[in-house]
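Asks: I would like to see how this sequence folds:
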Amino acid sequence: MEETAAISLEPGRHDHPAAAPSEHDAEPPDVRLTGLRKTYGEVVAVAGIDLEIARGEFFTLLGPSGSGKTTTLRMIAGFEDPDAGTVELGGQEVTGIPPYDRQVNTVFQDYALFPHMTVGANVEYGMRVQGVPKDERRARAAEALDMVRLSGYEARKPSELSGGQRQRVALARAIVNRPRVLLLDEPLGALDLKLREQMQIELKGIQGDVGITFIYVTHDQDEALTMSNRIAVFNDGRVEQVGAPAEIYERPANPFVTGFVGVSNTLERDGRRFTVRPEKIRLLDDDSDAAGLRTERGVVREVAYAGMVTRYLVTLEAGGELQVVRQNLETSSSEALEQRGRQVTVGWRPDQAVAVQEQTRGEESQ
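Replies: Down below sits the predicted model:
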């Protein structure tokens with residue numbers, strides 16, 4: 001892999017993933033979206049968003065179905081023209097330029113491989129269309145297949161591969177063309193859960209190896225938190241929050257982000273609304289464990305044993321319910337289920353309670 005990495009598959013690769021773009025950086029962001037808007041009849045798909053994505057980032061567009069994330073990706077790719085606003089790649093405006101003249105490639109959920117071609121021919125196809133000499137095509141295809149851990153598969157047909165292997169071929173075909181930006185539209189959606197989780201780790205590793213900017217669309221919060229340098233949370237065609245995974249999860253900007261990213265508990269006490277994540281809450285054995293904690297009494301209404309953890313739903317005496325997650329370090333399923341109906345004390349540190357701000361429109365954090 002050391003020699004492979006030395007043959008750069010993209011212009012100006014970085015050895016380290018980029019953090020948030022800085023206004024002091026001389027290099028322009030790989031992608032800049034300004035006032036981007038798209039409507040379909042009376043439906044507003046994208047409502048004037050602004051985003052900057054730095055060179056070498058793994059940047060995820062996260063949101064529910066219909067939130068505008070895929071439409072945004074398609075406008076970056078050139079498959080859709082915006083009604084207003086601009087798209088820039090590497091500091092150059094590309095709004096209105098067709099997809100084949102942009103330095104981007106797209107990986108789709110359905111792989112889009114040619115079934116009659118071998119793996120090697122699929123990976124070489126784009127280069128063959130561009131007139132790249134045969135020897136160079138073979139060398140670059142072999143390098144790309146090595147990066148996705150498919151060396152030796154050149155002579156196989158797509159029908160002879162697993163779903164995960166076909167997705168890797170699609171990825172190799174995209175990165176071999178040396179795009180500035182790689183766009184991925186829910187590429188793992190067709191895979192089963194275990195393979196999906198494995199591919200998340202591998203995909204992040206591949207992105208780090210090749211250094212290309214990845215823009216990834218998903219509705220899966222765990223997927224976004226696992227792979228991304230930064231995440232933009234979409235809702236109703238707008239960007240609700242942009243930040244690193246820990247910032248999005250630990251400090252959600254508004255009620256939508258709080259409810260959409262992960263599981264959250266929202267309570268109101270003394271006119272103040274706040275949220276606490278389930279894993280931050282402790283089930284206390286006695287009051288001696290409560291030092292420094294905000295505590296409340298309640299009754300365990302439901303218990304769900306899930307192997308590594310148990311989930312408890314606690315109805316509070318002061319009103320409201322909390323979901324609590326506890327690791328099963330020494331707890332069996334029968335012991336966990338015996339907690340149902342018992343009175344308990346729950347507690348959390350005051351700094352783990354995040355104030356819930358009122359939902360605002362037209363503000364897009366970056």
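
Asks: how far does stretch 58-70 stretch from start to finish?
Replies: 16 Å (CA to CA, to the nearest Å).

Asks: what does stretch 276-295 give?
Replies: So stretch 276-295: terminal residues 12 Å apart, CA to CA.

Asks: distance from the chain centre to it, please.
Replies: The chain centroid and the centroid of stretch 276-295 are separated by 31 Å under CA atoms, centre = their mean, to the nearest Å.

Asks: and for stretch 118-126?
Replies: With CA atoms, centre = their mean, you get 28 Å for stretch 118-126.

Asks: give the rounded mean pLDDT of it.
Replies: For stretch 118-126, mean pLDDT rounds to 92.

Asks: how about the longest helix seen in the chain, which residues are buried there?
Replies: Scanning the chain for the longest helix, with DSSP state H as the assignment, gives helix 193-210. Buried residues in helix 193-210, counted by 16 or more other CB atoms under 10 Å: R196, M199, Q200, L203, K204, I206, Q207, G208, D209, V210. C-beta here means a position set from N, CA and C on the backbone, and glycine is covered the same way.

Asks: restrict the helix or strand just after it to CA atoms and write it as PDB.
Replies: With elements assigned by DSSP states H and E, the helix or strand that comes after helix 193-210 is strand 213-218. Extracted C-alpha coordinates of strand 213-218, given in PDB (Å, rounded to 0.1, in the frame of the first residue of the first chain):
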ATOM      1  CA  THR A 213     -12.800  15.200  -1.000                       C
ATOM      2  CA  PHE A 214     -15.800  13.000  -0.400                       C
ATOM      3  CA  ILE A 215     -19.400  14.400  -0.200                       C
ATOM      4  CA  TYR A 216     -21.600  11.700   1.200                       C
ATOM      5  CA  VAL A 217     -25.500  11.600   1.300                       C
ATOM      6  CA  THR A 218     -27.300   9.500   3.900                       C
END
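
Asks: got the angle for strand 213-218 vs helix 193-210?
Replies: Interaxial angle, strand 213-218 versus helix 193-210 (axes from the mean of the first three to the mean of the last three CA atoms, to 10 degrees): 160 degrees.

Asks: closest to S332 among the buried residues of helix 193-210?
Replies: R196 (29.6 Å; CB to CB).

Asks: per-residue pLDDT, the spatially most central residue of the chain?
Replies: In the chain, the centroid-proximal residue (CA atoms, centre = their mean) is A224; its distance is 2.3 Å. Note for A224: predicted pLDDT of 94.

Asks: elements contacting the longest helix of the chain?
Replies: helix 134-147, helix 163-175, helix 221-227 (3 or more CB pairs under 8 Å, 6 or more residues apart in numbering; DSSP states H and E).

Asks: quick check: angle from it to helix 134-147?
Replies: 130 degrees.

Asks: now do helix 193-210: distance to the chain's middle.
Replies: 12 Å.

Asks: now do the residue nearest to the centre of the chain against G126, distance only.
Replies: Taking CB to CB, to the nearest Å as the measure, A224 falls 28 Å from G126.

Asks: with G319 instead?
Replies: Computed as CB to CB, the G319 to G126 distance reads 60 Å.

Asks: domain ranges for the protein?
Replies: As assigned by automatic domain parsing, the chain contains the domains 2-255, 263-355.

Asks: all set, thanks.
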